[in-house]
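In: dropping the sequence and predicted coords here.
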Amino acid sequence: MIQTLTRLFPLWAILFSGFAFAFPDQLATLDWAIVPLLMLIMFGMGMTLTWADFVDVGKRPVVIGAGVALQFLIMPLVGLLVGTLLRLPPEWVLGLVLVGACPGGTASNVICYLARADVALSIAMTSVSTLLAVAATPLLVWVYQGQAIDVPVAAMLGSLVKIILLPVVAGTFLNSVFGARLTPVRNVFPLVSVIAIVVVIGVIVALNRERIATGGLLVMLAVVLHNLLGLSLGYGGARLLRLDPARARTLAIEVGMQNSGLGVALAVKHFSASAALPAALFSVWHNLSGSLLAWYWRRRDPGHEPRP
């Protein structure tokens, strides 16, 4: 029963998104719950890991470097090309480039967990890309758009520690100490994670309802293309590097899913609300596309636990 409910999470995400769009008022008041829910998911992830998994990732700096390089090379350039080919207004093109130049987001770690990808590698890539974003994000926006921005590195690092590192470390510690005795809890956490991410997606839809309603089909098309090309090129690049399927999935997700919340914040602070629209729509879409992709990959590996 739990496995069946877990495998249907794209359906729950789509249905709940529709509900959130139709009735946004109550869900929008739950914006405070986003961080605690993400922390809960990260704690569950930690309980699938051991210290040896992180030691193994540390022995593969080339894989981490290649993944982060693909992310910062592919996404801002693809954003520029998609915006140009669709002849979007300059502010929307800027918004696509900006979200493309952001580091990986917390949602990518969740999707890697649900997709049975390499969770430890995903967390390492998110951490490294976040650290590099203080220089990479403003540099890439300046290169492609000739605009200067300040990246709030201290706030980003604080969020990284609070939302990702501390819950994962806590979960990993418990798993390392208690091991098999936590099996019943671990078996339930995939469903808990699905419920949590569905609620997060619903809240994001509710908070961005007006932007979604007024954004227009063209900018939504641009966001969809941006994300799907990032996922595809990330996976293709990983396979060209001869990475195994689990790590190729990880790179695809890390490249295609961005810290869109940071993109919204930077656009509003440094440019305009219109420039924030692509990032706001991206925050909704990449959770849905990531959920669908994770569902597809889980179906291809029935009966296996998420890969740590």
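Out: Looks like it came in fine.

In: poorly predicted segments of the stretch 101-250 of the chain, please.
Out: 148-157, 159-160, 215-216 (pLDDT under 70).

In: the host helix or strand of residue 82 packs against which elements?
Out: Here residue 82, judged by DSSP states H and E, is contained in helix 61-85. If you count contacts as 3 or more Cβ pairs under 8 Å, 6 or more residues apart in numbering; DSSP states H and E, helix 61-85 packs onto helix 90-100, helix 119-145, helix 209-240, helix 245-256. C-betas here are computed from N, CA, C, even on glycine.

In: make TSV out of the ones you listed and add mean neighbour count and distance to residue 32.
Out: Formatted as TSV, the helices and strands packed on helix 61-85 follow (neighbours: other Cβ atoms under 10 Å; distance: least, Cβ to Cβ, whole Å):
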stretch	mean neighbour count	distance to residue 32
helix 90-100	26	24
helix 119-145	22	23
helix 209-240	18	18
helix 245-256	27	27
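
In: and of those, who's closest to residue 183?
Out: helix 119-145 (17.5 Å; Cβ to Cβ).

In: most distant residue from the middle of the chain?
Out: residue 181 (30.8 Å; Cα atoms, centre = their mean).

In: what residues does that residue make contact with?
Out: Listed by Cβ atoms under 8 Å, 6 or more residues apart in numbering, the contact set of residue 181 is empty.

In: please work out how many residues are found near residue 104.
Out: By the criterion of other Cβ atoms under 10 Å, residue 104 has 28 neighbours.

In: for it, give me phi and psi.
Out: phi -70, psi 150 (degrees, to the nearest 10).

In: distance of it from residue 176?
Out: 25 Å (Cβ to Cβ, to the nearest Å).

In: show me which residues of the helix holding residue 82 are buried.
Out: 63-64, 66-68, 70-72, 74-83 (16 or more other Cβ atoms under 10 Å).

In: residue 93 and residue 124, how far apart?
Out: Counting by Cβ to Cβ, the gap from residue 93 to residue 124 is 32 Å.

In: I meant to write residue 196 there.
Out: Residue 196 sits 22 Å away from residue 124, going by Cβ to Cβ.

In: with residue 235 instead?
Out: Relative to residue 124, and taking Cβ to Cβ, residue 235 is found at 18 Å.

In: what does residue 11 give?
Out: Relative to residue 124, and taking Cβ to Cβ, residue 11 is found at 31 Å.

In: I'd guessed residue 288 sits against residue 15; true?
Out: No - between residue 288 and residue 15 there is no contact under Cβ atoms under 8 Å: 11.3 Å.

In: so those two - more neighbours on which side?
Out: Ranked by neighbour count (other Cβ under 10 Å), residue 288 and residue 15 place residue 288 first, with 17 against 13.

In: just give the nearest non-adjacent residue to that one, would you?
Out: residue 13 (5.8 Å; Cβ to Cβ, 6 or more residues apart in numbering).

In: count of neighbours near residue 241?
Out: Around residue 241 there are 15 residues (other Cβ under 10 Å).

In: could you measure from the nearest residue to it once chain neighbours are set aside over to residue 250?
Out: Closest residue in space to residue 241, ignoring its immediate chain neighbours: residue 66 at 5.8 Å, by Cβ to Cβ, 6+ apart. Using Cβ to Cβ, one gets 11 Å for the distance from residue 66 to residue 250.
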